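Participant: would you be able to build a 3D model of this:
(2 chains)
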Amino acid sequence: MADQEYRRLTRSRVRHTGFFTVASTRSSLWLGKDHLLNIDSNRYTEEYKRFYFRDIQAITILKTRRREIWNFVLLLLLLIWMGALVDEVLTGASVPDATVSWGTTLVILAVPLLANNILGPACAVYLRTAVQTEVLPSLNRVRRARKVLDRVRPLIAAAQGQLTPEEVSIRMREMIQPSETSAGLDAAPPKLVVTSPLNLSAYPVDDQGGPPQVGVAPR
Amino acid sequence: MAALSVQCPKCQTPLLENAINSFGLAPCPGCQNLLQLEIFPALFRQNAPAQAGEGLLVEGESTCFYHSGKKAVLPCQGCGRFLCALCDCELNGEHFCPACLETGRTKGKIKSLENRRTLYDSIALSLAVVPLVIFFFWFFTIVTAPMALFVAIRYWNAPRSIIHRTRIRYVVAMIVATLEVAGWGIGIYFLIENLNG
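Facilitator: Down below sits the predicted model:
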């Protein structure tokens, strides 16, 4: 049964492809037997991306300012509406219908503001494998992202094993050190070396079209 | 090797050890954005070097279907052809030849390679319902209702979403579309009756 194959981790959220999203693609995350499944759906087609537990290299939760931005926008609108409501009450108390409509709008605006704060800080989650780094738009709140991470961590550990903090720091240093040494070499890029078809020794050349010059010391 | 270092997704600054597996948000040394990074052993795993395939040493040995000069190491689980180490493509413990892998991907025979599905049940439902609910577009149902019926019947057995989904959308689409077709039939019948006298 398909329903036993995948369990829902998150509800679908809009995948933002730009500032304005016209044709919305919704993204959701599902838990499979040996992988995470990200589904991007536009209602009529679904696109799947599988992230096998054995291949996941890193998961990054980056806190964003989306909550603060939405708070600012919603609060601004709320204040404008509240001002209009107060004005209505002070000047036109005899028109209760208008007061009710202003009040209803106020409540409608207050609900998302409240929800935005109840859900907690916003974030963007990046999942890295050997071949790609994928954003998971369905994990857009820190609390939810951590919850999913807590659920997935043991499964990844079961597939890959676990590293102690000491092992991590040793391997990180091993990783960084060669890149530092290569950074020193990058300052003076090696000259282009062409090898003749007769397999003679390699010579640095200035003119790539010309014949190899003998006697120039390689850098 | 530099590509292996773990970087901040926003400013690409290599992250320091204190930001890794800290189980809490820590500031990025570059952009100061708070982040939590968990790394797993796969990050340090070296990829196994590709195998070129062993040459044929003994006369009469099984050879690869694609490389007659190379020794076969196993059969493809899709077509049964013998494969050398070079042609062997392993996928979740199964071994395929490149041709079967490509066929499996394009025709959806290998489920783990399937990366796209069309949701015909949603299409049928939309064809049946959307013109009804959009004001002034109800008369389009004369076209969309038969289309919805066609899609529902034609793709009844087609694979639906990879996650659990019943055929309820097809059923609703067929009921609504049938009612629409019946409505149009009755309407046209009475129109002709009225025109005739």
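Participant: hmm, the strand ranked longest in chain B in reach of chain A?
Facilitator: Longest strand of chain B, by residue count under DSSP state E: strand B:34-39. Yes: under the criterion of Cβ under 8 Å from any Cβ of the partner chain, chain A is reached by strand B:34-39 at B:34, B:35, B:36, B:37, B:38, B:39. Heads up, the C-betas are built off the backbone N, CA and C, glycines and all.
Participant: so the fourth one touches residue A:62, yeah?
Facilitator: No: with contacts defined as Cβ atoms under 8 Å, residue B:37 does not count as touching residue A:62, sitting 9.0 Å away.
Participant: what residue is smack in the middle of chain A?
Facilitator: Geometric centre of chain A, nearest residue: residue A:135, 3.2 Å, by Cα atoms, centre = their mean.
Participant: sorry, that was for chain B
Facilitator: residue B:115 (2.0 Å).
Participant: any idea which element the residue lying closest to that residue once chain neighbours are set aside lies in?
Facilitator: Nearest residue to residue B:115, sequence neighbours excluded (Cβ to Cβ, 6 or more residues apart in numbering or on different chains): residue A:48, at 5.0 Å. Assessed by DSSP states H and E, residue A:48 sits inside strand A:45-52.
Participant: could you pull up the residues touching the spatially closest residue to residue A:128 that is not a sequence neighbour?
Facilitator: Closest residue to residue A:128 apart from its sequence neighbours, by Cβ to Cβ, 6+ apart: residue A:58 at 4.3 Å. Residue A:58 makes contacts with A:126, A:127, A:128, B:6, B:37, B:38, B:39, B:40, B:43, as judged by Cβ atoms under 8 Å, 6 or more residues apart in numbering or on different chains.
Participant: am I right that the first one is in a strand?
Facilitator: Yes: the assignment for residue A:126 by DSSP: H, G, I helix; E, B strand; the rest coil puts it in a strand.
Participant: what pLDDT, on average, does the longest helix seen in chain B get?
Facilitator: For chain B, the longest helix by residue count, based on DSSP state H, is helix B:168-196. Taken as a whole, helix B:168-196 has a mean pLDDT of 93.
Participant: what does stretch A:166-185 give?
Facilitator: 65.
Participant: do stretch A:25-42 as well
Facilitator: In this model, stretch A:25-42 has an average pLDDT of 92.
Participant: please apply the same query to stretch B:69-86.
Facilitator: Rounded mean pLDDT across stretch B:69-86 is 89.
Participant: and what of stretch B:40-53?
Facilitator: Taken as a whole, stretch B:40-53 has an average pLDDT of 80.
Participant: what does that stretch contact?
Facilitator: Residues outside stretch B:40-53 that contact it (Cβ under 8 Å, 6+ apart): A:54-58, A:128-130, A:156-157, A:160-163, A:171, A:175, B:4, B:6, B:64, B:67, B:70-71, B:73, B:84-87.
Participant: domains in the chain, by residue range?
Facilitator: Defaulting to chain A. As recorded under automatic domain parsing, the domains making up chain A are A:2-64+A:122-160, A:66-118.
Participant: hmm, I had chain B in mind actually
Facilitator: Taken from automatic domain parsing, chain B resolves into B:1-47, B:49-115, B:120-196.
Participant: circling back: can you list the buried residues in the next helix or strand along the chain from the strand holding residue A:48?
Facilitator: The helix or strand immediately downstream of strand A:45-52 is strand A:58-63, counting by DSSP H and E. Judged by neighbour count using 16 or more other Cβ atoms under 10 Å in any protein chain shown, the buried positions of strand A:58-63 are A:58, A:59, A:60, A:61, A:62, A:63.
Participant: contact partners for the closest residue in space to the third one that isn't next to it in sequence?
Facilitator: What that stands for is residue A:60. Of all residues not flanking residue A:60 in the chain, residue A:126 sits nearest, at 4.4 Å (Cβ to Cβ, 6+ apart). Residue A:126 is in contact with A:58, A:59, A:60, A:62, A:133, A:134, A:135, A:136, B:9, counting by Cβ under 8 Å, 6+ apart.
Participant: distance check, the first one against residue B:115.
Facilitator: This points to residue A:58. 23 Å (Cβ to Cβ, to the nearest Å).
Participant: next: residue A:136.
Facilitator: Taking Cβ to Cβ, one finds residue A:136 at 16 Å from residue B:115.
Participant: SS state for the residue lying closest to residue A:41 once chain neighbours are set aside?
Facilitator: Distances taken as Cβ to Cβ, 6+ apart put residue A:26 closest to residue A:41, at 5.3 Å, once the chain neighbours are dropped. What three-state DSSP gives for residue A:26 is strand.
Participant: residue A:26 touches residue A:13, doesn't it?
Facilitator: Yes: under the criterion of Cβ under 8 Å, residue A:26 makes contact with residue A:13 at 6.6 Å.
Participant: got the end-to-end distance for stretch A:112-131?
Facilitator: Using Cα to Cα, to the nearest Å, the span of stretch A:112-131 from its first residue to its last is 38 Å.
Participant: who's in contact with stretch A:146-156?
Facilitator: By Cβ under 8 Å, 6+ apart, the residues outside stretch A:146-156 that reach it are A:9-10, A:29, A:31, A:36, A:53, A:56, A:59, A:61, A:139, B:36, B:38, B:40.
Participant: report how many residues lie close to the residue of chain B found nearest chain A.
Facilitator: When scored by Cβ to the nearest Cβ, chain B has residue B:164 as its residue closest to chain A, at 3.3 Å. Residue B:164 is flanked by 14 other residues according to other Cβ atoms under 10 Å in any protein chain shown.
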